[in-house]
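Engineer: Just to be clear, the model below is a prediction. Sequence and coordinates:
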There are 2 protein chains.
Amino acid sequence: MTGLRERKKAETRRRIQQHALHLFRTKGYEATTVEEIAAAAGVSHMTFFRYFPSKHAVVENDDYDPVIAELIRSRPASEDPLTAIRRALAGALRAMPDAELATVLARARLILGEPALRARQIESQRTTRELFAAAIADRGDAPPAFERQVLAAAALSTLAVAIDEWAAHDGAENLADLVDRAFAALSAVRPG
Amino acid sequence: MTGLRERKKAETRRRIQQHALHLFRTKGYEATTVEEIAAAAGVSHMTFFRYFPSKHAVVENDDYDPVIAELIRSRPASEDPLTAIRRALAGALRAMPDAELATVLARARLILGEPALRARQIESQRTTRELFAAAIADRGDAPPAFERQVLAAAALSTLAVAIDEWAAHDGAENLADLVDRAFAALSAVRPG
DNA sequence: CTAACAACTGTTAGTCGCTAACACCTGGAG
DNA sequence: CTCCAGGTGTTAGCGACTAACAGTTGTTAG
């Protein structure tokens, strides 16, 4: 059985996160104090930091990265790296239920609206980049390391622009379509 | 005449920055206190914040952005956007005196080595991206806005990877060459 | 040259994110 | 039931950063 202790911990974590996000949306990220979040969740600020290493951490979420990396790996070897990443991303997005997309949108808007959060988010893209580069390496006829980094970085920045546009329009357009269009723009270039 | 007041201000600013960078290199960024920097420069911490809005600001430097943007604008219209950016960057880098490149390298290493600084740096790339996108727009047969953003973002992330590699090897390889190689990797992709 | 103004600066006190030390309480194993 | 590990609150403190006030110094008008 899952001990009472464990259940309590999970519950507390969820409660803190929930109150935090609610406060962030209500009165803004900067204007919300860790003390306030803790009070709203019925704990002390020390407990907050025991569950989340920092104030930003409540908002962050890298759960998708490994999933996408795996999808890239399993794309047919006949696809060039950028196409593989593009199809992996678009496919994952199309498979995502609307409810989940909605929470992704909410988080994206929060992050994009707060400079401090944006900085953190983009910084964490570095890890994602390494992951994608590694995924590319595991496929057939992979380019050398430096080129892999370039491609992974380009793919991520392209995804970022798509999400940017998506969030800026409150999710009006389909994100998977935007991703496709963004990658198309990237591939449309022919040196001349 | 340049008033004594003005000269003093410029001097103080330079002194603060110099001592700050020296301390950062000597004992690390995080380990250096604003109070220490201020003391080393012979001022109070309040004066430090009157000259630099934050501790990171001492390290940041966006002086190159407008120069590069102008170079992009003046590339021949026959070049596609990515090629124009690539040539503008490589050209500017090749024209840069070694002494300046050395300071760029020093700053790059400092920033790349400190997560907090990296985050800020990448965040400031957003501004640079807009600038590049605008520069592309001012050239002949410019793609639509969304596509411009994608291209500018890809170019910047490519530059970032090149600088990353450059700094990781202590500037062993020529940065302009690395930039060329990185862009070549980006253009080498052919959807298939 | 001096008086008055404006700009520059230091001091102090405070907020907020975050950490460390210690004491207290409570769930779980024997 | 007892004992212990793990979770929690309290307090105290550091460092980045800000606001308010007072003192000093360059500038400028008379």
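Structural biologist: Yep, that arrived.
Engineer: which SSE is residue A:43 in?
Structural biologist: For residue A:43, there is no host helix or strand (DSSP states H and E).
Engineer: wait, doesn't it sit right on residue A:9?
Structural biologist: No. Judged on CB atoms under 8 Å, residue A:43 makes no contact with residue A:9 at a distance of 11.6 Å. For the C-beta atoms, the positions are set from N, CA and C on the backbone; glycine is no exception.
Engineer: which of these two has more neighbours?
Structural biologist: Using other CB atoms under 10 Å in any protein chain shown, the more surrounded residue of residue A:43 and residue A:9 is residue A:43, with 17 against 13.
Engineer: And residue A:87, how close does it get to DNA strand D?
Structural biologist: To DNA strand D, residue A:87 is 42 Å away according to CB to the nearest atom of the strand, to the nearest Å.
Engineer: Get me the contact residues on chain A for DNA strand D.
Structural biologist: With CB under 7 Å from any atom of the strand as the criterion, chain A meets DNA strand D at residues A:5, A:8-9, A:12, A:42-47, A:50-51.
Engineer: Drop the exposed ones from those residues and show what's left.
Structural biologist: Buried by 16 or more other CB atoms under 10 Å in any protein chain shown: A:12, A:43, A:51, out of the residues of chain A next to DNA strand D.
Engineer: Tell me the one of these nearest chain B?
Structural biologist: In terms of CB to the nearest CB, no member of these lies closer to chain B than residue A:51, at 21.5 Å.
Engineer: I'd assumed residue A:12 was in contact with the closest one.
Structural biologist: Yes. The criterion here is CB under 8 Å, and residue A:51 meets it with residue A:12 at 6.7 Å.
Engineer: Just name whatever secondary elements the lowest-mean-pLDDT helix or strand in chain A is in contact with.
Structural biologist: In chain A, no helix or strand scores lower on mean pLDDT, DSSP states H and E than helix A:115-137, which sits at a mean of 90. Other helices and strands packing on helix A:115-137, by 3 or more CB pairs under 8 Å, 6 or more residues apart in numbering or on different chains; DSSP states H and E, are helix A:64-73, helix A:81-95, helix A:98-113, helix A:145-168, helix B:115-137.
Engineer: make it 6 Å
Structural biologist: Counting contacts by 3 or more CB pairs under 6 Å, 6 or more residues apart in numbering or on different chains; DSSP states H and E, helix A:115-137 is packed against helix A:64-73, helix A:98-113, helix A:145-168, helix B:115-137.
Engineer: Is DNA strand C within reach of it?
Structural biologist: No. Applying CB under 7 Å from any atom of the strand, one finds helix A:115-137 separated from DNA strand C by no less than 9.3 Å.
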